[in-house]
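Peer 1: Generate a structure from the sequence data that follows.
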Amino acid sequence: MPRSVRKAVIPAAGLGTRFLPATKAVPKEMLPLVDKPSIQYVVEEAVAAGITDILIITGRGKRDVEDHFDRSVELEAFLREAGKEEELNTVRAISGLAQIHFIRQGQPLGLGHAIGLARHHVGDESFAVMLPDDLCHPKSAILSGMLVAHQQTGASVLCLKQVDHREVSLYGCVAFDGYNGSMVQVRDLVEKPAPEDAPSDLGVMGRYVLTPAIFDAIAATRPGRGGEIQLTDAIRGLLDREPVFGYTFSEGRFDVGNKLDFLKATVAFALERDDLGPEFRSFLEEVVRGR
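Peer 2: Next up is the predicted model:
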């Protein structure tokens, strides 16, 4: 029986060019959905799944991400003196979510390279990889399901979702053996294939549970286009050594690296809040009626 997964790696070194000019000076992971930066939702998802140790891989201009998860003594003192207890507790809770560590990716050499930097921190344990552009609704429990699948199989588990055939070129896609409930066994991966070349319509989303064997696979992976080491290529190499499974789901994921999905996620999360939802819903209904 494999050990429970207790570590997660969040690669957050990207430049966020799809959200310029907002991300010229602000890390894309710090863009708020209502009043909480998107990366905090990802950390909270990890914690809810039982993960207690998180490594965030950053790059230049990402100091705000580190500061967000650190204590802010001056702010806490101000809130305490102002009698703002609710706000004080909210701010304090952020730094206590989990053991959060940081390492920098000095050059943009690809997702595989970024994950390879976690080798010393992760050691010989299986671990989760959580791409911050993929935001999963807490009710979806996608990561929790993947961790159960890993416990059952002892193998790496990829997060898979059926995508429109016209959109397969946006994702890594898998060739697989038939369904066993929500699980499939992965036979091959193709990174961003043309629709006519795609092995299936199951796209790889931004959640992975990987065995430590991935680090040797990354080390053996040659750089591809742009000199980058792709995680997809490393997982293909892993398939030669051990089985890899896919965990399929259908709902609860937003690509917040995409402007439209970012807006959808903001609306979805705002509507669920007791302090904002009812009035915001009324506003949206007025907007729709006025079209």
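Peer 1: where do the strands sit along this structure?
Peer 2: Here the chain has its strands, by DSSP state E, at 7-11, 32-33, 36-37, 53-58, 99-104, 127-130, 134-136, 156-162, 172-176, 183-191, 202-210, 244-249, 253-255.
Peer 1: For the ones you listed, give me TSV that also has mean neighbour count and distance to S282.
Peer 2: For glycine as for every other residue, the C-beta is placed from the backbone atoms N, C-alpha and C. Shown next, in TSV, are the strands of the chain (neighbours: other Cβ atoms under 10 Å; distance: least, Cβ to Cβ, whole Å):
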stretch	mean neighbour count	distance to S282
strand 7-11	25	36
strand 32-33	16	20
strand 36-37	18	23
strand 53-58	22	38
strand 99-104	16	38
strand 127-130	24	35
strand 134-136	23	25
strand 156-162	24	33
strand 172-176	22	42
strand 183-191	19	43
strand 202-210	24	33
strand 244-249	23	32
strand 253-255	20	23
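Peer 1: which one of these lies closest to T221?
Peer 2: strand 183-191 (11.9 Å; Cβ to Cβ).
Peer 1: Okay, angle between the closest one and strand 156-162 too, please.
Peer 2: Angle, strand 183-191 to strand 156-162, by axes from the mean of the first three to the mean of the last three Cα atoms, to 10 degrees: 80 degrees.
Peer 1: Number the residues from 25 up from this point.
Peer 2: Renumbered: residue one is now 25, and that last one reads strand 207-215.
Peer 1: tell me what the worst-scoring helix or strand of the chain on mean pLDDT is packed against?
Peer 2: In the chain, the helix or strand scored least confidently by mean pLDDT, DSSP states H and E is strand 196-200, which has a mean of 89. Judged by 3 or more Cβ pairs under 8 Å, 6 or more residues apart in numbering; DSSP states H and E, strand 196-200 is in contact with strand 207-215, strand 226-234.
Peer 1: Pick out the shakiest of those strands, pLDDT-wise.
Peer 2: Mean pLDDT is lowest for strand 207-215 among those, at a mean of 91.
Peer 1: Output it as CSV - backbone C-alpha positions only.
Peer 2: Coordinates of each C-alpha in strand 207-215 appear next as CSV, following Å, rounded to 0.1, in the frame of the first residue of the first chain:
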residue,chain,number,x,y,z
MET,A,207,-10.5,5.4,-14.3
VAL,A,208,-8.7,4.5,-17.5
GLN,A,209,-5.2,3.1,-18.1
VAL,A,210,-3.1,5.5,-20.2
ARG,A,211,-1.2,4.0,-23.1
ASP,A,212,0.2,7.1,-24.7
LEU,A,213,0.1,10.9,-24.7
VAL,A,214,0.3,13.4,-27.4
GLU,A,215,1.0,17.1,-26.7
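Peer 1: Report the inter-axis angle for it versus strand 196-200.
Peer 2: 130 degrees.
Peer 1: now for strand 207-215, which elements pack on it?
Peer 2: In this structure, strand 207-215 makes packing contacts with strand 196-200, helix 255-263, strand 268-273, judged by 3+ Cβ pairs under 8 Å, 6+ apart.
Peer 1: which residues sit against the shortest one?
Peer 2: Spelled out, it's strand 196-200. 182, 184, 208-217, 222-228, 256, 270 (Cβ atoms under 8 Å, 6 or more residues apart in numbering).
Peer 1: Quick one: closest of the strands of the chain to H144.
Peer 2: Shortest distance between H144 and those, using Cβ to Cβ, is found for strand 123-128: 8.7 Å.
Peer 1: what stretches of the stretch 25-174 of the chain score poorly on pLDDT?
Peer 2: 25-27 (pLDDT under 70).
Peer 1: residues in contact with the nearest residue in space to L262 that is not next to it in sequence?
Peer 2: The shortest distance from L262 to any non-neighbouring residue, by Cβ to Cβ, 6 or more residues apart in numbering, is to A241 (4.4 Å). A241 is in contact with 258-259, 261-262, 265, counting by Cβ under 8 Å, 6+ apart.
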